[in-house]
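**Q** A predicted structure for the sequence below; I have some questions about it.
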Amino acid sequence: MLASAVALRVAHLVQLGFRGWLKVVRHGFHSQFGFAASDNYDWWKDDSLQTDQSVNHLVNRVIRRDRLSNPPSIRRADQQMSADRAIELLASEYCGRLATVGPDGAPYICPLLYVMLHGQVWLHNTSALGHLQRNILHEPRVCFEIDVPGETFPYGRFQCDTALAYQSVLVFGRLSIIQDSAQKTAFFDALMSKYHSAEMGRQKGFYPRLGDVTVYALSPERITGKQIRLPAKEARWPAVDKTKSPNAVVPNA
C-alpha cells in the first residue's frame, strides 16, 4: 500500500517534467521534500495530491519552506540606509543580537560577539546542545541585528515630540556550522584581533578548546539598514517646531 502510494506521488512529480524536478532538487529534499519535522506532514499519505495542480502546490510549498519571507515594503524611505553604509556599519560594530525560532514556534534572541569573514557574519557559542543550538538545528533561517544609539533631541513643543538619532542593520539569512578546525582557528584569530589585539606574551593562533565551541557562519540573503540623523541645533526645537500634533492644546494653558 505504501509502495504504491509513493509510486503514485513520484508519477505525479514526473508529470511536472524536468523543470519541476529541478525546482525540487534545487531547493532540497529536507525532511520529506523540504518540510521540517514540526510540520507533521507525510506527503506520501496525502490523498489530496491527485492532480498536476496539487503536485505543483506541493513543489511550491517546498520552495516557500526553504526560502526567507518576502521583504515588506519600506514605509519610511527617508530613513533607509544605503547598502554600502549598512555593510560598513556591520563590519565595525561591537556586538549583535541573533534571533532564532524554536520547534514550538517561540522566538529567542541572544547577544553575541561577531566578526565579518568572507562576506559572512561569523559567531560562536558553546558546543553544548542548549537553547540556541537546538533552535538553529531546527530552523537555520535567522535574523541578526546591530544598532548604534545616538542622542535624543526635541523637534516640537510637546514632550512626545522627541526622537532618537540611531543607526541599525538587520541581516536575514541562514546559519551553517563550521566544522573545519583551520576555519575555526581563522575565526578566533579574527575575533581576538577585533576584541583583544593587545600583545600579552601569549602564543597566538593556539586554541586548545576548539572542540568546546560551535562556530557559525551566517550567509546574508537580505541586509537592510535604517537611521535617523541628529539634526543641527538650528533644526531642532525651540528654533523650529515640527510637532506632529499642531492642533493640540495643553489643558489649562
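**A** Nice, thanks for sending it over.
**Q** so what's the spatially most central residue of the chain bridging to?
**A** Residue closest to the mean C-alpha point of the chain, counted by Cα atoms, centre = their mean, is residue 143 at 1.9 Å. Under DSSP bridges, the beta-bridge partners of residue 143 are residue 99, residue 172.
**Q** so what's it up against?
**A** 98-99, 170-172 (Cβ atoms under 8 Å, 6 or more residues apart in numbering). From N, CA and C alone the C-beta is placed, and that goes for glycine too.
**Q** ditto for residue 245
**A** By Cβ under 8 Å, 6+ apart, the neighbours of residue 245 are 156, 158, 160-161.
**Q** now it: how far from residue 152?
**A** 18 Å (Cβ to Cβ, to the nearest Å).
**Q** so where do the helices sit in the stretch 151-253 of the chain?
**A** 181-195 (DSSP state H, counting those that start in this stretch).
**Q** residue ranges in it under the pLDDT threshold?
**A** 253 (pLDDT under 70).
**Q** and with 90 instead?
**A** For the stretch 151-253 of the chain, the stretches with pLDDT under 90 are 197-202, 252-253.
**Q** which residues in it form strands?
**A** Along the stretch 151-253 of the chain, counting by DSSP state E, counting those that start in this stretch, strands occupy 162-178, 213-228.
**Q** dump the ones you listed into a markdown table; add mean neighbour count and distance to residue 111 as well.
**A** Shown next, in a markdown table, are the strands of the stretch 151-253 of the chain (neighbours: other Cβ atoms under 10 Å; distance: least, Cβ to Cβ, whole Å):
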| stretch | mean neighbour count | distance to residue 111 |
| --- | --- | --- |
| strand 162-178 | 18 | 15 |
| strand 213-228 | 18 | 14 |
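**Q** assign a three-state SS to residue 103, would you?
**A** Three-state assignment for residue 103 (DSSP: H, G, I helix; E, B strand; the rest coil): coil.
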